[in-house]
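> Build me a model:
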Amino acid sequence: MRSFLIAVTGLMLFATDAAQAKVSITVDKDAQMMTVAVDGSERYHWPVSTGIPSYETPNGSFRTFRMEEDHFSKEFDDAPMPHSIFFTKIGHAIHGTDSEGRLGTPASHGCVRLSRAHASTLYALVQQEGVLNTTVTLTGSAQVALARNPRPRTNNVVARRDPAQPYASQDPTQPYAAIRFAI
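Here you go, the predicted structure:
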C-alpha cells in the first residue's frame with residue numbers, strides 16, 4: 001500500500017509539472033528588445049532598457065526563482081521595481097519602470113526594465129505558468145545598443161546677451177530682459 005501511494009504521488013507531481021508551460025524570455029541587448037515565448041511559440045515583443053555599460057546586465061541563461069509584485073530597491077534609494085521577476089542571486093530582475101521614454105536604450109543599473117503594463121502582463125504569465133518554469137536568456141551588449149541608437153545629447157543651455165538689446169545691468173528693473181537662451 002505504501003509503495004502504491006508513493007507511485008500515485010509521483011505520477012500526480014509529474015502530471016502537475018506537465019500541465020505547466022515553459023516560458024522563455026529572451027533579451028537582445030543589442031536591439032534592446034525582449035521576446036517572450038510559451039512552449040516555443042512567440043507571444044510578445046517588447047522594448048526594454050538594460051544596464052548601462054558601467055552596470056551591464058549579465059549575459060547568459062538563468063532560471064527565474066523569485067517574484068515580488070511590489071519590490072523596492074535596497075541598493076538604489078528605494079527605487080520602485082513593480083512586478084519584479086528575479087533571475088540572478090545578486091539582484092538582477094525584470095520589472096516595470098516609470099521611465100518609459102528611456103525604453104529602447106540602456107538606462108538601468110543592471111535590471112531589465114519594461115513598461116509597467118508589459119511588466120504586469122509578464123508577471124501574470126510567469127505566475128500562472130510557474131516561476132521555476134521560466135528561463136531568461138540575455139545576449140548582446142549595451143555598448144552596441146548605444147552605438148546603434150545613441151542617446152540624444154542634451155545641449156547645455158547657455159545664456160547669451162541679445163546684441164540688439166542693451167546690457168541687463170543698464171536697467172535694474174529688468175535684469176534678465178536682454179538675455180535669451182540658446183539651445
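> Every contact and neighbour count from this point should use C-alpha atoms.
OK.
> Show me the shaky parts of the protein.
Confidence mapping of the chain against pLDDT under 70 gives the ranges 1-19, 76-78, 150-183.
> rerun that using 80 as the cut-off
Regions of the chain meeting the criterion pLDDT under 80 cover residues 1-19, 71-80, 149-183.
> Now do the helices in it.
2-19, 116-129, 142-148 (DSSP state H).
> which strands and helices sit next to the second one?
Counting contacts by 3 or more CA pairs under 8 Å, 6 or more residues apart in numbering; DSSP states H and E, helix 116-129 is packed against strand 80-86, strand 93-97.
> go on, the last one?
Helix 142-148 sits against no helix or strand, with contacts defined as 3+ CA pairs under 8 Å, 6+ apart.
> outside of it, which residues touch it?
29-32, 50-53, 56, 105-106 (CA atoms under 8 Å, 6 or more residues apart in numbering).
> at 10 Å what do you get?
Helix 142-148 is contacted by residues 28-32, 49-57, 104-107, 149-151 when judged by CA atoms under 10 Å, 6 or more residues apart in numbering.
> And Val131, how close does it get to Tyr123?
Counting by CA to CA, to the nearest Å, the gap between Val131 and Tyr123 amounts to 9 Å.
> just Arg113 next, same as before
Arg113 sits 13 Å away from Tyr123, taking CA to CA as the criterion.
> got it, and Asp70?
With distances taken as CA to CA, Asp70 is found 11 Å from Tyr123.
> Now do the shared contacts for these two.
Listed as contacting both Asp70 and Tyr123 by CA under 10 Å, 6+ apart are 82-84, 95.
> For these, could you give me a markdown table that also reports distance to Thr137 and neighbour count?
Supplementary listing: those in a markdown table, determined by distance: CA to CA, whole Å; neighbours: other CA atoms under 10 Å:
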| residue | distance to Thr137 | neighbour count |
| --- | --- | --- |
| Pro82 | 21 | 23 |
| His83 | 19 | 26 |
| Ser84 | 16 | 26 |
| His95 | 15 | 29 |
